[in-house]
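Trainee: just to be clear, the model below is a prediction. Sequence and coordinates:
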Amino acid sequence: MVDSEESCPGGQAREEADEFEEVCEKLEARLAGEASLIGYRLKEHIFNPEISTNYHLVFVHAAAALRCAVYGIPSPSILEVLKVAGDVTPSLCTTVSLVAGFMVLETLKVRGVGSMSRGQWKRHRNHFLNT
């Protein structure tokens, strides 16, 4: 028979939940309020691994080294990271633009625009992307 809340298995979970709530409240108090964000503008930051002064490549290399350390595999050199980072950016942009095009086709099908309104949408029911 269980007499106290501390001895039951759920007691620790409740304490951890209370601690989590307390931490969230402290964090929320530290965050900027809506009034302080009026007029704030985000600045565009372009990822370019070839420029050494913005430290993008250093960050990516450090993240790769940490991941390799966790999984116990050899860490890549900074030149290997540069090659992979240089290859990923163009393929990511291409994939995003193709998916956006597929979304436009789906929107045309739903809205019934052009030939899609005459029942020819069945020709466009499948989309495939081979990279």
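Mentor: That came in fine, so what should we check first? None of the values given here were measured: they were computed from a predicted structure. Numbers count the residues shown, from 1 in each chain.

Trainee: dead centre of the chain: give me the residue that sits there.
Mentor: L92 (13.0 Å; CA atoms, centre = their mean).

Trainee: so which elements touch the longest helix anywhere in the chain?
Mentor: Longest helix in the chain, counting residues (DSSP state H): helix 78-111. Packing contacts for helix 78-111, counted by 3 or more CB pairs under 8 Å, 6 or more residues apart in numbering; DSSP states H and E, involve helix 56-71. In this view, the C-beta of every residue, glycine as well, is placed from N, C-alpha and C.

Trainee: run the chain-centre distance for the helix it packs on.
Mentor: 17 Å (CA atoms, centre = their mean, to the nearest Å).

Trainee: secondary structure element for E16?
Mentor: Taking DSSP states H and E as the definition, E16 sits inside helix 9-30.

Trainee: next one: that helix to chain centre, how far?
Mentor: With CA atoms, centre = their mean, you get 26 Å for helix 9-30.

Trainee: next: stretch 27-37.
Mentor: Here the centre of stretch 27-37 is set off from its chain's centre by 23 Å, with CA atoms, centre = their mean.

Trainee: number of residues surrounding L57?
Mentor: By the criterion of other CB atoms under 10 Å, L57 has 20 neighbours.
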